[in-house]
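Colleague: After the sequence you'll find the predicted model.
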Amino acid sequence: GAVVSQHPSWVICKSGTSVKIECRSLDFQATTMFWYRQFPKQSLMLMATSNEGSKATYEQGVEKDKFLINHASLTLSTLTVTSAHPEDSSFYICSAPSAVPYGYTFGSGTRLTVV
Amino acid sequence: GENVEQHPSTLSVQEGDSAVIKCTYSDSASNYFPWYKQELGKRPQLIIDIRSNVGEKKDQRIAVTLNKTAKHFSLHITETQPEDSAVYFCAASLANAGKSTFGDGTTLTVKP
């Protein structure tokens, strides 16, 4: 079946530094990638939608200059958290429409801790 | 935009009993409704889904019903087992837009 590989699975960084998270579709082409954030014991909140070859679409309230999204190829989308702060600590997870109509494949998620 | 409400937020049942989780959505254009099971620290796993042209779908102990008129859909788990304990999320999607709006989740605990 369709697989989305997400790396790293967890990362600890110092406040003020940047962190890059990668999502790769392994056996299908992902022209679209959805990026979600999940705080502890909360639901998944859509942050942005990336489309290959064009600018990402950000949800209301999400700072596009802080969460940089790049979708340079049909198999790779990246999320960079710039100048990270402790309040950015969260579980970040990507999802791509898979080959099956209406189906979605999730990455394994990245646990970000900013200290 | 789409708004999805999910109830209850927590549900505790005895092993072997049934569990029902309900969701309502606001956008009548939504046409795809997946249910996900998420264990602690792991990615959501699709357990069942239903499309707007179907009223009910069943897969072994799991079933989902959809009422388009009332804009609500429900997850039914029968003969619950301790390994069913997890957080369950419903979602509503617009097929053309692709993105999903998730409910707030239900923490299901199945007591042995």
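Modeller: Good, I have the coordinates. Numbering: from 1, shown residues only, chains lettered A, B, ... in the order given.
Colleague: So which bits of chain A are right by chain B?
Modeller: Within chain A, the positions lying close to chain B (CB under 8 Å from any CB of the partner chain) are A:32, A:34, A:42-46, A:49, A:91, A:93, A:95, A:97, A:101-104, A:106-109, A:111. Where you see a C-beta, it was placed from the backbone N, CA and C, and this is true even at glycine.
Colleague: Now intersect those residues with the helices, please.
Modeller: Within these, membership in helices is found for no residue, as judged by DSSP state H.
Colleague: If any of those are buried, put those into a ChimeraX selection.
Modeller: Applying 16 or more other CB atoms under 10 Å in any protein chain shown to the residues of chain A next to chain B, the buried members can be selected in ChimeraX as follows:
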select /A:32,34,43,44,45,46,49,91,93,95,97,104,106,107,108,109,111
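Colleague: Now go through the residues of chain A next to chain B and say which are in strands.
Modeller: If you go by DSSP state E, those have A:32, A:34, A:45, A:46, A:49, A:91, A:93, A:95, A:97, A:104, A:106, A:111 in strands.
Colleague: so what's the first one up against?
Modeller: In this structure, residue A:32 makes contact with A:49, A:50, A:51, A:52, A:96, A:97, B:98, judged by CB atoms under 8 Å, 6 or more residues apart in numbering or on different chains.
Colleague: mind running it again at 10 Å?
Modeller: By CB atoms under 10 Å, 6 or more residues apart in numbering or on different chains, the contact list for residue A:32 reads A:49-52, A:57, A:71, A:77, A:95-97, A:104, B:97-99.
Colleague: Where does pLDDT dip in chain A?
Modeller: Within chain A, the stretches falling below the threshold (pLDDT under 70) are A:1, A:99-102.
Colleague: can you pull out the strands in chain B?
Modeller: Using DSSP E, the strands of chain B run over residues B:4-7, B:10-14, B:19-25, B:32-38, B:45-51, B:56-59, B:62-67, B:72-77, B:86-93, B:100-102, B:106-111.
Colleague: Adding mean pLDDT and mean neighbour count, write those strands out as CSV.
Modeller: Formatted as CSV, these follow (pLDDT from 0 to 100; neighbours: other CB atoms under 10 Å in any protein chain shown):
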stretch, mean pLDDT, mean neighbour count
strand B:4-7, 97, 18
strand B:10-14, 98, 13
strand B:19-25, 98, 20
strand B:32-38, 93, 22
strand B:45-51, 90, 17
strand B:56-59, 95, 12
strand B:62-67, 97, 18
strand B:72-77, 98, 21
strand B:86-93, 94, 24
strand B:100-102, 90, 23
strand B:106-111, 97, 17
